[in-house]
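> Structure here, sequence nowhere to be found:
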């Protein structure tokens, strides 16, 4: 493809991903995250009423049928390091 043709096909919205990092529920790195997505790995933790109450959730809230006793706990490395930016 010539340079002239390449310029004609560009929109100005092109981006290049040169690196990714992250910590996600069930995955402390991107490779594990993508493997989990690909393999349908469940990364949400579910809790009993007693576990929820022990964690500090009000008993009335736990008994509410609309309350979901689940949490996607982030991985240990998932803290955003804002000072880098």
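It's in. Bear in mind that the values here come from a model prediction, so they are computed numbers and not experimental data.

> The protein: strands as residue ranges?
Along the chain, counting by DSSP state E, strands occupy 45-46, 70-71.

> Just want the most central residue of this structure.
For the chain, the residue nearest the mean C-alpha position is residue 24 (4.3 Å; CA atoms, centre = their mean).

> Look at the residue nearest to it when sequence neighbours are not counted and say how many residues are nearby.
Nearest residue to residue 24 in three dimensions, chain neighbours excluded: residue 33, at 4.8 Å (CB to CB, 6 or more residues apart in numbering). (Glycine included, C-beta is placed from N, CA and C.) The number of residues packed near residue 33 is 20, by other CB atoms under 10 Å.

> and what of the one 5 residues further on?
Burial measure for residue 38: 8 neighbouring residues, criterion other CB under 10 Å.

> where's it relative to residue 44, distance?
Plainly put, residue 38 is 17 Å away from residue 44 if you go by CB to CB, to the nearest Å.

> Report the contact partners of the closest residue to residue 63 other than its chain neighbours.
Leaving aside its sequence neighbours, residue 63 sits nearest to residue 49 (CB to CB, 6+ apart; 7.4 Å). If you count contacts by CB atoms under 8 Å, 6 or more residues apart in numbering, residue 49 has them with 62, 63, 69.
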